[in-house]
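Asker: when you get a sec, could you give me coordinates for this:
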Amino acid sequence: MNTPVFSEYSMAGEVGTKGDVYSFGILLLEMFTGRRPTDDMFNDALTLHRFAMKALDEKVIEIVEPSLLLDTKVGNFSSHIGGRGGTEECLISVVRTGVVCSMESATERIEMKEVVTKLCSAREKILNTRI
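Answerer: Presented below is the predicted three-dimensional model:
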């Protein structure tokens, strides 16, 4: 049985921008992994945040929602010189942003202005790959 997942607002009793950043991070992780924080696989030892953090940087493709990869050609995942392609870099960047936003300690979370910068950079990586 799942452990109930409580929002930061209910745990801390305070409303603030750092709580919004946390919620946004969890939303990003839900959208890009296709998993909810209440999935049966998550318990006290493993959370959606920890699941995503463990996958950085080498296993992100393994945790990404498969339907996001349907339009992706295999060649996009590696560059001509053995590095990562723009699609994989984009996915890593988005998952990393979700992880940093959903850090347990509010002081470790980034500001939303930085989140926007990171997501715009991720968008550029994917757009440059598909052009």
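Asker: longest helix anywhere in the chain?
Answerer: Ordering each helix of the chain by length in residues (DSSP state H) puts helix 112-130 first.
Asker: let's see that one as CSV, backbone CA atoms only.
Answerer: The C-alpha trace of helix 112-130 is given here as CSV (Å, rounded to 0.1, in the frame of the first residue of the first chain):
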residue,chain,number,x,y,z
MET,A,112,11.5,30.3,-11.1
LYS,A,113,13.4,32.8,-13.1
GLU,A,114,16.2,30.3,-13.4
VAL,A,115,13.7,27.5,-14.1
VAL,A,116,12.4,29.5,-17.1
THR,A,117,16.0,30.0,-18.4
LYS,A,118,16.8,26.2,-18.0
LEU,A,119,13.6,25.2,-19.8
CYS,A,120,14.2,27.7,-22.7
SER,A,121,17.7,26.2,-23.0
ALA,A,122,16.2,22.7,-23.2
ARG,A,123,13.8,23.9,-25.9
GLU,A,124,16.7,25.2,-27.9
LYS,A,125,18.4,21.8,-27.7
ILE,A,126,15.4,20.0,-29.0
LEU,A,127,14.7,22.6,-31.7
ASN,A,128,18.3,22.5,-33.0
THR,A,129,18.0,18.7,-33.2
ARG,A,130,14.9,18.7,-35.3
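Asker: what are the buried residues along it?
Answerer: Neighbour-count burial for helix 112-130, counted by 16 or more other C-beta atoms under 10 Å, picks out 115, 118, 122, 125-126, 129. The C-beta positions use only the backbone N, C-alpha and C, and glycine is treated the same way.
Asker: which residues are in contact with the closest residue to E108 other than its chain neighbours?
Answerer: In this structure, E108 finds its nearest non-sequential neighbour in V100, 7.7 Å apart by C-beta to C-beta, 6 or more residues apart in numbering. Contact partners of V100, counting by C-beta atoms under 8 Å, 6 or more residues apart in numbering, are 25, 108-110.
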